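Undergrad: Output the structure for:
(chains A and B)
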Amino acid sequence: MEIDFTHHQSAHCENGVVSNLMKHNGFSVSEPMVFGIGSGLLFCYIPLLKVNHAPVITYRALPGHIFKKFAKRTGVKMKREKFSNPKDAKARLDENLEKNNPVGLQVGVYNLVYFPDEYRFHFNAHNMVVYGKEGNRYLISDPVMEDVTSLSEKELEKVRFAKGAFAPKGHMYYPISFPEKLELETAIVKGIKDTCKAMLAPVSFVGVKGIHKIAGLIRKWPKKKGIKTANHYLGQVVRMQEEIGTGGGGFRYIYAAFLQEAGKLLGNENLIELSKEMTEIGDLWRDFALEASRIYKNRSAQTDSYNKVADQLDNIADLEKVFFKKLKKSI
Amino acid sequence: MKKKEVPQDKSNLESANFRELCYAVDENGEYTTENSTGWEPKTVALNNAIEEIKERIQDAKDRVIAGETSPIEYYMELHKMDVGILASYVGFWQWKVKRHFKPSVFKKLSEKTLNKYADAFDISVEELKSIS
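TA: Model prediction:
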């Protein structure tokens, strides 16, 4: 059976699933709106954790948080279920599809067969919608893909029960009740305040301070770790910033799109101006990525060039500090 | 980023025939989206990361042949795993997985334990015992 579900491609999977499920239920909410209200924007260096043998930086909130905050702030009630047994997980999924209810699933990327090989890493916080079943194939709307696709029962079970950090454990979710009218205005204000708080947090590895922290580490890497490892680390920073799902510039462009939309909705000129500023900051993140790629492309570099890209990050951090202070005052 | 500046470089996305979505502003300063076939700075980063993984696989293979580690480590690298991820797939503590890297320990592993590793790598026990 196939549920009448419209697939819209999005930059990021979590926003995309929420936005698509909301649209399916008759509420037109854009991807940037979900991202902004859910306080998706962040910068965080995660000490001690290594992925692909390199340090981890995230430009967004923890998996599941955008979604949880969006639901809470707009008054949408979500049902979420996790399973210890794949059989139960499959039965609950089939039950929902029978009832014409498309559901969101958290899955691991490594065994996602429709992804290009090069992109298949052990990353477990990917999200998709299942909107039907034909024979033994599930119909899949993966928000980062241009078109819908499908997975066999076995393939779907594998990705739902991937292991490692953030193991999905069959995690399935869907909205169960909606307010009569979505109160976006108050939700937007809450979302913005929360983001400002996180970006200006007095914690050495979070927000603006976290950006300075990484800049400091980049300066030390070539001497401390050697050129090869330094380049591997730097490459990972750029990948986290620009990988599929960020919409470019470490989510800064999606956030700028949110500020523009929110400014119009609230009739707040300041937000529209700040959107332009955020776009310029996004461009600086892109410049940083371009400059960093020149270092790891040649595989040999002077300490000087590491200092240069670190300077770019310090500059971005200074600008974001001023930016989020202004943003906080503008609402 | 301006809509017309959204990069359209060659990338690994081509093989799966998909383009990712980027956010950019149009000529009137309005936000919109544009598909991108890829951007060189990140393609280079990804290719380097894959190169790095290949080196790790080759290194593990050499050490298996030299009798310094067991095939488990080779298959772990082949599947882009680290000890933590592998440990969670087979349900052992990390120190135990590391112990199974020792060729002398590996030789004495029970069929049941070998099966767990074979399952995690989606191969047969026979394949697990040899490296091709």
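Undergrad: show me where pLDDT drops low in chain B?
TA: Within chain B, no stretch falls below the threshold (pLDDT under 70).
Undergrad: For the closest residue to chain A within it, what is the enclosing helix or strand?
TA: Per C-beta to the nearest C-beta, residue B:41 is where chain B lies closest to chain A, at 3.4 Å. To be clear about C-beta, it is placed using only N, CA and C from the backbone, and glycine gets the same treatment. Using DSSP states H and E, residue B:41 sits within helix B:40-65.
Undergrad: ok, residue A:1 - contacts?
TA: For residue A:1, the residues meeting the contact criterion (C-beta atoms under 8 Å, 6 or more residues apart in numbering or on different chains) are A:97-98, A:132-134.
Undergrad: can you tell me which of those are in strands?
TA: Among those, the members found in strands (DSSP state E) are A:132-134.
Undergrad: From those, pick the one nearest residue A:167.
TA: residue A:133 (24.3 Å; C-beta to C-beta).
Undergrad: doesn't residue A:96 make contact with the closest one?
TA: No: contact criterion C-beta atoms under 8 Å: residue A:133 and residue A:96 do not qualify, at 10.6 Å.
Undergrad: what about the residue in chain A that chain B sits nearest to, neighbour count?
TA: Chain B sits closest to residue A:293 of chain A, with a gap of 3.4 Å, by C-beta to the nearest C-beta. Using other C-beta atoms under 10 Å in any protein chain shown, residue A:293 is surrounded by 23 other residues.
Undergrad: rounded to a whole number, what's the mean pLDDT of the helix or strand where it lies?
TA: Using DSSP H and E, residue A:293 falls within helix A:269-298. Averaging pLDDT along helix A:269-298 gives 95.
Undergrad: same for it, what does it pack against?
TA: Packing partners of helix A:269-298 (3 or more C-beta pairs under 8 Å, 6 or more residues apart in numbering or on different chains; DSSP states H and E): helix A:227-242, helix A:252-266, helix A:303-329, helix B:40-65.
Undergrad: The first one versus helix A:252-266: what angle between them?
TA: Between the direction of helix A:227-242 and that of helix A:252-266, the angle (axes from the mean of the first three to the mean of the last three C-alpha atoms, to 10 degrees) works out to 20 degrees.
Undergrad: buried set for helix A:227-242?
TA: Buried residues in helix A:227-242, counted by 16 or more other C-beta atoms under 10 Å in any protein chain shown: A:227, A:230-242.
Undergrad: Those residues also near chain B: which ones?
TA: Restricting the buried residues of helix A:227-242 to those near chain B by C-beta under 8 Å from any C-beta of the partner chain leaves A:231-232, A:235-236, A:238-239, A:242.
Undergrad: which among these gets closest to residue A:119?
TA: residue A:239 (10.4 Å).
Undergrad: Spit out the contact partners of that closest one.
TA: B:42, B:45-46, B:49.
Undergrad: now with 10 Å?
TA: Residues near residue A:239 by C-beta atoms under 10 Å, 6 or more residues apart in numbering or on different chains: A:52, A:54, A:57, A:121, A:246, A:289, B:41-42, B:45-46, B:48-49.
Undergrad: try residue B:29
TA: A:260, A:272, A:275-276, A:279, B:2.
Undergrad: For those residues, which two are the farthest from each other?
TA: Applying C-beta to C-beta across those, the maximum distance is between A:272 and B:2, 17.4 Å.
Undergrad: Those two: which is more packed in?
TA: residue A:272 (17 against 13).
Undergrad: Please tell me how far the more buried one sits from residue A:218.
TA: 34 Å (C-beta to C-beta, to the nearest Å).
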